[in-house]
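*Asks:* With the sequence up front, the predicted model follows.
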Amino acid sequence: MRQEMVNIYGYDELSDKAKARVLKRYREHNDFPFLSDNLKGELDSLLEENKIEVQQKLQLYYSLSYSQGDGCCFIGDFIWNNYRISIKHKGMYYHYNSVDINIDSKFDSEGEDIEMPYDEENVAYNEFKNIYKEICDKLEDSGYAIIDNENSEEYIKDSIEANEEEFYDNGDIF
C-alpha cells in the first residue's frame with residue numbers, strides 16, 4: 001500500500017500563478033446563468049418606460065462576446081403611440097440593425113385602423129427606430145456590465161468562498 005499526503009489550500013493561500021489559473025478556468029467555464037433573466041427583466045422595464053406594449057411573441061436575442069456583430073435586439077408585435085409595430089429578426093447577428101421594423105397600422109381610440117399619410121408613418125418609424133436603438137444599446141451595456149462583474153476576481157472569489165472550494169497547490173480544484 002502506498003499513501004501520499006497533499007496540501008490543500010484556500011484561494012487566498014494560493015500562489016499568484018495558481019490564482020491566475022483558477023481565475024482563467026472560472027472565466028472560461030462561466031456560462032452566465034442569470035444573464036438572460038437579468039436582460040429580460042431590464043427589457044421589460046425599458047419597454048414599460050418607453051410606453052411600448054408587448055402584444056405577442058416577445059423574444060430577446062443577444063451576442064456579447066466582445067466581437068464584431070455583437071449586441072442585443074428583440075422581436076415581436078408591439079403597440080406604441082397607437083401604432084401597431086412588428087419587429088422581425090434578419091441576418092445572423094443580434095444587434096439593433098439586425099431587425100426589420102414595420103409599422104403595420106395606426107388605430108384610433110376605439111381600436112379601429114385609420115389611414116395615415118406616408119410622412120406620418122415615416123416620422124413615427126424614425127422616432128420608434130431611435131427608441132429601439134436606445135433600448136438595444138442599454139441592454140448591450142448592461143449585458144457587458146454583468147459579464148465584466150461575473151468575470152471579476154472579487155466575484156469569482158466570493159463564489160469560491162460561498163461554495164467552500166479548496167485547491168491543490170497548482171490551482172486545480174480539490
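*Replies:* Received the coordinates, thanks.
*Asks:* residue ranges for the helices of this structure, please.
*Replies:* For the chain, applying DSSP state H gives helices covering 16-29, 35-49, 118-150, 153-162.
*Asks:* Quick one: those as a markdown table, columns for mean pLDDT too.
*Replies:* Below are the helices of the chain laid out as a markdown table (pLDDT from 0 to 100):
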| stretch | mean pLDDT |
| --- | --- |
| helix 16-29 | 95 |
| helix 35-49 | 97 |
| helix 118-150 | 93 |
| helix 153-162 | 94 |
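*Asks:* I'd assumed Gly76 was in contact with Val99.
*Replies:* No. In this structure, Val99 is not within contact of Gly76 by Cβ atoms under 8 Å, at 10.3 Å. C-beta here means a position set from N, CA and C on the backbone, and glycine is covered the same way.
*Asks:* who touches both of these two?
*Replies:* By Cβ atoms under 8 Å, 6 or more residues apart in numbering, Val99 and Gly76 have these common neighbours: Ile87.
*Asks:* Can you add distance to Tyr66 and give the helices of the chain back as a markdown table?
*Replies:* Listed next are the helices of the chain as a markdown table, based on distance: least, Cβ to Cβ, whole Å:
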| stretch | distance to Tyr66 |
| --- | --- |
| helix 16-29 | 12 |
| helix 35-49 | 14 |
| helix 118-150 | 8 |
| helix 153-162 | 18 |
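*Asks:* Nearest to Asn7 among the ones you listed would be which one?
*Replies:* Nearest of the helices of the chain to Asn7, taken as Cβ to Cβ: helix 16-29 at 11.5 Å.
*Asks:* contacts for that closest one?
*Replies:* Contacts of helix 16-29 (Cβ under 8 Å, 6+ apart): Tyr9, Tyr11, Leu14, Asn151, Glu153, Ile156, Ser159, Ile160, Phe167, Asp169, Asn170, Gly171.
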